[in-house]
Every structure is written in C-alpha cells, then in structure tokens.
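Colleague: Need a 3D model of the sequence below.
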Amino acid sequence: MGSEALDFLSCDDAFSFESKKHTTMEDQITLPIHHGSWFEEEIDVDLKWSFALNSVLHKGTSEYQDIALLDTKHFGKVLVIDGKMQSAEVDEFIYHECLIHPALLCHPNPKNVFIMGGGEGSAAREALRHKSMEKVVMCDIDQEVVDFCKKHLTANHEAFRNKKLHLVINDAKVELEQRQEKFDIIIGDLADPVEGGPCYQLYTKSFYENILKPKLNDNNGIFVTQAGPAGVFTHKEVFSSIYNTIKQVFKYVLAYTAHVPSFADTWGWVMASDQPFSLDAGQLEKKIAERIEGELLYLNGASFFSSTILNKTVAKTLKNESHVYTEDDARFIHGHGVAFRN
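Modeller: Here you go, the predicted structure:
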C-alpha cells in the first residue's frame, strides 16, 4: 500500500486505533505488556468488548481509514476498519446472508445488483450465488481496502475473479449519479456511520430520495442496507433513525435483525421498495432451493420471516421514531478499538 504506516507489528508490539483526526496507528505503538494479546472495541463510554488475539497479521492506513487484519483465538481472521470490527471469519456468513439474500429472493428475477461499499468482497460473493445474476457492480471508495481484502481474505478469492463482478473504485454517491443504467437491487454494505468517516452521507434522506431511488428499476426495484446495532440497548444509535429515514422515501419498508456473535449484539438491516414484499416462509424456502448455488449456512425461509418480528422495545421505538437522517443532523456509532497485550 506504499506507506511507512504499513510496517508490520510483531506480536510483542501493542497499538491502538483512533480516528485519524487524532492520531495514526503508528503513533499509538506502546511498550509491550505481558501475557496474551487482546483486541478491545469501545462500544460505549462505559462498555467494551474484547477478545484474545493470536497475532496481528497486517495493518495499514489508507487515504480514508485505518485497516487491520487480526488473527483471533475465537473468531478466526477479523477485519477491522477505523478500530471497528467489520467481519469475522467464523460468523460473517450471518451478516452477509442476511444482507444479500432476502432482497434478491423477494425480487421476481434479479439480474443486476449495485453494491455500495462491500470492499471485502463477501456481499458480492453471496450475490453471485444467485443463478439469475448477470452483473454485480461493487463500488468501494477505498482502493487500498479492496486490495487488502483481495489479497488476505481467501474465502472471497473466487468472487473477485468472477467475470460477472464489475469492481469500481469511487464514491458510491458519485458513481450512482454518473451511471445511466438502473438496477434491480441496490445494496448498502457501508461501514457504520462514524463521525469523521467517509460514508455517513450515504445514510441520508436526500441521498436515498434524489440519487439512489432513481437508479432502481421501476418494476420491483429493491433497496437494502445494513443499519447498525439493533439490540435492546443499542437500536437507538442509528438503526431506528435509518429505518425512519427510509420510510420517508419508499412505500414499503421492512426492518429485520439477527444476532451476530462477533459483534456482541443483535444487528439490523432495512429493506425497502415501492412494491410489497411476499414473506411466505414456504415460498422463500422454495426460492432458496431453486435460485441459489450451494447451501446457505444461516438463512432459511422460516428464519427470515422470524427475523422481521421485532421485540416489543425495538418495535415501539421504530414506530415512534421521528428523527430523519440528514447531513446536518446525523447520528453516529460510538467508539473505536484498541489492540494491546495484557
């Protein structure tokens, strides 16, 4: 990646991830402490989530964000961007199956998909499993993240080589504005909206209304996005706001959730269209068998249907949420991560 900030850390080093407006990873290297290595992510001012490391495999700093690949004892390889865990080797299938397959299964015949973000390649991998798929455009702003993931995330090597995948390095907002074509499905596989991060504007009403929705095919076009933590204590951070914002733009909006162990929380997604969704579990199960290459590890018709039934606390918040996500009135995910020796 061509930067002195990419020097590898030995297992005896310790470092922390901070927003680059404060410091770089290299600035944060400290003296080693004893015993095992740990990664610690700050979930809130008084709450942290940590897990043991075997080693820090790679680290780097791109133009936009800090990147690291950690070898963890419990979750395998873990991709960390700006100190926030993005996916873990052992359970990323939960997140990516939930992100990709419900929208594609609700569409009668999905042929082309536009993925905003998704630089690690897992979203594209799942979309390419659909037999009807003719073209997957993956648009990520950060060339170095994509190159990093192409090299180190072996599970996605085949997806990156697939001729149906069209990889674009650009701001997704700019790319959608410039493209003349429309898509059956547009997918938001963006990083969480963090203050100072590169993508929070892609969660706003103006973006959804003026740029994204016009690029969906008029018949059966579907938008789906990851929408952050959706647990009893975390769903008000951004999940409820993203849901309510999308409700201002689309006629039919569906929120659903699943527990992702490596995130230490329930996670949320929001799917939207101007046509109603069919959620019959039996029909979804039949479509999974007919349309998708290979066997899904997490999702089936019944589990997706159940994922749309939210607990009373979260459902009440979504019903009463009034905040609309705008450039001037945004909500952000809290925290960053720290790797250290203990």
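
Colleague: Within the helices and strands, which one has Thr225?
Modeller: Taking DSSP states H and E as the definition, one finds Thr225 inside strand 222-229.

Colleague: and if you look at Val80?
Modeller: Val80 belongs to strand 76-81 when elements are defined using DSSP H and E.

Colleague: related to what we said a few turns ago, so for the strand holding Thr225, mean pLDDT?
Modeller: Regarding strand 222-229, the rounded mean pLDDT is 97.

Colleague: Okay, now the sheet partners of that strand, with direction.
Modeller: Its sheet considered, strand 222-229 pairs with strand 185-189 (parallel), strand 265-273 (antiparallel) by DSSP bridges.

Colleague: follow-up on the earlier one: moving C-terminal from the strand holding Val80, which element do we reach first?
Modeller: strand 84-88.

Colleague: Measure how that next one sits relative to strand 76-81, angle-wise.
Modeller: Put simply, strand 84-88 runs at 140 degrees to strand 76-81, going by axes from the mean of the first three to the mean of the last three CA atoms, to 10 degrees.

Colleague: Got the phi and psi for Asn210?
Modeller: Main-chain torsions, Asn210, degrees, to the nearest 10: phi -100, psi -20.

Colleague: Quickly note the distance from it to Thr204.
Modeller: Relative to Thr204, Asn210 is positioned 10 Å away (CB to CB, to the nearest Å). (Each C-beta comes from the backbone N, C-alpha and C, glycine too.)

Colleague: So these two - more neighbours on which side?
Modeller: In this comparison of Asn210 against Thr204, neighbours counted by other CB atoms under 10 Å, the higher total goes to Thr204 at 22 against 13.

Colleague: Hmm, Tyr325 and that one touching each other?
Modeller: Yes: counting by CB atoms under 8 Å, Tyr325 is a contact partner of Thr204 at 5.2 Å.

Colleague: and among the strands paired with strand 222-229, the most buried is which?
Modeller: By mean neighbour count, with neighbours taken as mean count of other CB atoms under 10 Å, strand 185-189 ranks first of these at a mean of 27.

Colleague: Which SSE is immediately downstream of it?
Modeller: Where DSSP H and E defines the elements, the next helix or strand beyond strand 185-189 is helix 205-207.

Colleague: What are the buried residues along that next one?
Modeller: Neighbour-count burial for helix 205-207 flags 205, 207 (criterion: 16 or more other CB atoms under 10 Å).

Colleague: Same check on stretch 102-121?
Modeller: Going by neighbour count (16+ other CB under 10 Å), the buried part of stretch 102-121 is 102-107, 110, 112-121.

Colleague: Show me those that map onto helices.
Modeller: Assigned to helices by DSSP state H, the following of the buried residues of stretch 102-121 qualify: 102-106.
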